[in-house]
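Undergrad: what's the 3D shape of this:
(chains A and B)
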Amino acid sequence: MSRACKVSEYFDSSAAGPRTLIELDDVKVSLTGHTVLEGITFSLDEKMFLGVVGPNGAGKTTLLRVILGLVKPDQGTVRVIGMTPRELKHELHHIGYVPKAVLFDPMFPASVFDVVMMGRTCCIGPMRFPRKPDREAVRESMQLVGLEGLERRPIGELSGGQQKRAFLARALCRETRILLLDEPTSGLDLPAQGQFMDLLTRLKLELSLSVIFVSHDVQVLARYADEMVCINRTMHLHGKPADVLDSDRLAEAYKCEFDFLYRTGPGAPGAGATSGARGGSGSGGA
Amino acid sequence: MLVYGFGQRALVGGLVIAATCSLISFFVIVRRLAFVGMGISHAAFGGVAIGIAAGINPILTAGGFCILVAGGIGWFSRKGRLHEDTVIGILFSAAMAMGVALVAVAHAYNLDLMSYLFGSILALSWVDVAIVAVLGALVISFLVLFFKELLFFVFDEETATASGVPVRLVYYGLLITMAVTIVVSIKLVGIILVSALLVIPGATGMQLSRNYRGVIIASMGAGLASVAGGLWLSSRLDVASGATIVLVLFAVFLLSVAVSPRRRYVAALLGRGERARASAVAEDVTGKAVVNAGVPDV
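TA: Numbers count the residues shown, from 1 in each chain, chains lettered A, B, ... in the order given. Modelled structure (predicted):
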């Protein structure tokens, strides 16, 4: 009860300026003896869309796991909605999470409705069963992502894009204030990626969400994000998408593996794709 | 057969075991724990041997031993960086070897041991029935009360963890309830055949429904009918009850395969469902699902 009050107090307080929902200060994480993240410092204000980019193995997923409280940092502090990771454990229904790839059996015997209902698990509570408000919340979030009418369809029968939207609905059918997405568009073709990103931008505005979107696709993220962070074990950049795209330090972060993508690829500075992306970032951030 | 007390006890005990196994069988199938079931049940031989050698009720020692092995499988595969099947391969062969060695040392190759290997449902006492009922109720309660957490866990462990589902508790809970179910079921069909009760009902359910509610109902139906039918048939034909139950269960599974709505894929392969196959291919190529027809894309 006191924790719930803490969250609502946090949001009800009429403090001047935007509230900071996520704060990481000098976070260092080691997994099995190797340093995966180091010197990570950034904050996310409410209703902002933060794009986290970096090459494969840069520690992007670990960063999300740190925010969720699933990985304990060796050093530094993490605050989410003003709570420590320990306090957050009981408030995870304020965070929606869309994982990288859900490797489920296509024959899994659950309908889309059942899968979205999984998102309500933490709201329903242990040893309790879904009730009318839970079913309504599921229907509502399925409507938000445009999956109404497919409630009874087995999840394995949906197309890739529809499945991603189902997982987005699952992340939204709770009291979501922060949405964490881990490469949710991987495996989708370009039109489906665009549809997903447009949907996300619309939902962010409609539901006043704060979004952290992890991807290694700099170009796509730059079009939609308000702010971007580039990491490759350490923080390389933090700023507006246009500034991040312009910076040499982006190439530095990607250097070892992805230099060709940025320097000589179709998205190199000055190329049409990049200028389009920059133009897009302005409207996306508006 | 039902006019005799042993027949009544066998039927009541058998049906409780069938209900328990059929429910857990759903999770065994969707989480692919069939080999875990094999491993735990064969490891039970080691537990039975400890009981026989030490002069303690072998079911008690097998229970404790199976829970240890189930916990070991979970712990090693989560912490020891070994795959589940590797851990099972190691633990169950070691446990069986220990069982064989203990039985040899205790000179206990006798009828009693055979009853654990092949089941002895007709030798059930009312006290045994009560123990089976209590343990069955505990297992079913766990599975029902934590059903949504278990379903989330087996479908998408990562997001379940991120949603605050106590996945470690759920995983070990599932393994331990499997161990308890196996030990209880040894009375019915024996160590050798017990994994059939954990696998076939769920597999039958999967043939008949594409939603877990239907799968569980069909699994329950298959399990209960096979145990009742198997017991009746074994008394008519005078064949070992455990083996008859498993054979009836297998026949029910074959029947479910024959009538399964999923067999349209087989029909497609045979050329009769060419159109269904064609539309499935169209879905892959365009990236737009046929199932989405009529639903506005966002």
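
Undergrad: residues in contact with A:Phe49?
TA: Residues in contact with A:Phe49, defined by CB atoms under 8 Å, 6 or more residues apart in numbering or on different chains, are A:Thr201, A:Lys204, A:Ser210, A:Val211, A:Phe213, A:Tyr224, A:Ala225, A:Asp226, A:Glu227, A:Gly284, A:Gly285. In short, each C-beta sits where N, CA and C put it, glycine included.

Undergrad: and which of those residues is nearest chain B?
TA: Closest to chain B out of the contacts of A:Phe49 is A:Thr201 (11.3 Å), distances taken as CB to the nearest CB.

Undergrad: residue 194: helix or strand, and which one exactly?
TA: Here I'm looking at chain A. helix A:190-206 (DSSP states H and E).

Undergrad: oops, chain B please
TA: helix B:167-208.

Undergrad: so which residues make contact with the helix holding A:Gly194?
TA: A:47, A:49, A:144-146, A:160-161, A:164-165, A:168, A:172, A:179, A:181, A:184-185, A:188, A:209, A:211, A:213, A:220, A:223-224, A:284, B:287, B:297-298.

Undergrad: give me the distance between the residue nearest the centre of chain B and B:Thr177.
TA: What sits nearest the mean C-alpha location of chain B, by CA atoms, centre = their mean, is B:Leu198, with 1.4 Å. Here B:Leu198 is placed at a distance of 11 Å from B:Thr177 (CB to CB, to the nearest Å).

Undergrad: you'd agree B:Ser163 is up against A:Cys122?
TA: Yes - checked against CB atoms under 8 Å, the pair B:Ser163 and A:Cys122 is within contact range at 5.0 Å.

Undergrad: before we move on, back to that, CA atoms only for the helix holding A:Gly194, dumped as PDB, please.
TA: Taking Å, rounded to 0.1, in the frame of the first residue of the first chain, the C-alpha atoms of helix A:190-206 are listed here in PDB:
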ATOM      1  CA  LEU A 190      10.700  -2.700 -43.800                       C
ATOM      2  CA  PRO A 191       6.900  -1.900 -44.100                       C
ATOM      3  CA  ALA A 192       6.100  -3.900 -41.000                       C
ATOM      4  CA  GLN A 193       8.900  -2.100 -39.100                       C
ATOM      5  CA  GLY A 194       7.500   1.300 -40.200                       C
ATOM      6  CA  GLN A 195       4.000   0.300 -39.100                       C
ATOM      7  CA  PHE A 196       5.300  -0.900 -35.700                       C
ATOM      8  CA  MET A 197       7.300   2.400 -35.200                       C
ATOM      9  CA  ASP A 198       4.300   4.600 -36.200                       C
ATOM     10  CA  LEU A 199       2.100   2.600 -33.900                       C
ATOM     11  CA  LEU A 200       4.600   3.000 -31.100                       C
ATOM     12  CA  THR A 201       4.800   6.800 -31.600                       C
ATOM     13  CA  ARG A 202       1.100   7.100 -31.600                       C
ATOM     14  CA  LEU A 203       0.700   5.000 -28.400                       C
ATOM     15  CA  LYS A 204       3.500   7.000 -26.700                       C
ATOM     16  CA  LEU A 205       1.500  10.200 -27.100                       C
ATOM     17  CA  GLU A 206      -1.900   8.700 -26.400                       C
END
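
Undergrad: in it, what counts as buried?
TA: For helix A:190-206, the neighbour count (16 or more other CB atoms under 10 Å in any protein chain shown) marks A:Ala192, A:Gln193, A:Gln195, A:Phe196, A:Met197, A:Leu199, A:Leu200, A:Thr201, A:Leu203, A:Lys204 as buried.

Undergrad: now do it: distance to the chain's middle.
TA: 13 Å (CA atoms, centre = their mean, to the nearest Å).

Undergrad: ok, then the element right after it?
TA: Per DSSP H and E, the helix or strand that comes after helix A:190-206 is strand A:210-215.

Undergrad: what packs against that following strand?
TA: strand A:20-31, strand A:34-45, strand A:49-53, helix A:60-67, strand A:178-182, helix A:190-206, helix A:218-224 (3 or more CB pairs under 8 Å, 6 or more residues apart in numbering or on different chains; DSSP states H and E).

Undergrad: neighbouring strands of that strand in the sheet, and parallel or not?
TA: Paired strands of strand A:210-215, with direction, are strand A:49-53 (parallel), strand A:178-182 (parallel) (DSSP bridges).

Undergrad: neighbours around whatever residue of the stretch 101-250 of chain A ends up closest to chain B, how many?
TA: Ranked by CB to the nearest CB, the top residue of the stretch 101-250 of chain A for proximity to chain B is A:Ser159, at 3.3 Å. Per other CB atoms under 10 Å in any protein chain shown, the neighbour tally for A:Ser159 reads 20.

Undergrad: how close does it sit to A:Met118?
TA: Using CB to CB, we find A:Ser159 at a distance of 20 Å from A:Met118.

Undergrad: find the nearest non-adjacent residue to the residue nearest to the centre of chain B, please.
TA: B:Gly37 (4.1 Å; CB to CB, 6 or more residues apart in numbering or on different chains).

Undergrad: check A:Val218 too.
TA: Nearest to A:Val218 is A:Val53, by CB to CB, 6+ apart, at 5.0 Å.

Undergrad: quick one: pLDDT of that neighbour?
TA: In this model, A:Val53 is scored at 92, pLDDT.

Undergrad: do B:Ile67 as well
TA: So B:Ile67 comes in at 96 (pLDDT).

Undergrad: residues near it, how many?
TA: 21.

Undergrad: just the buried residues of the helix or strand hosting it, please?
TA: Here B:Ile67 sits within helix B:58-79, counting by DSSP H and E. By 16+ other CB under 10 Å, the buried positions in helix B:58-79 come out as B:58-59, B:61-70, B:72-74, B:76-77.
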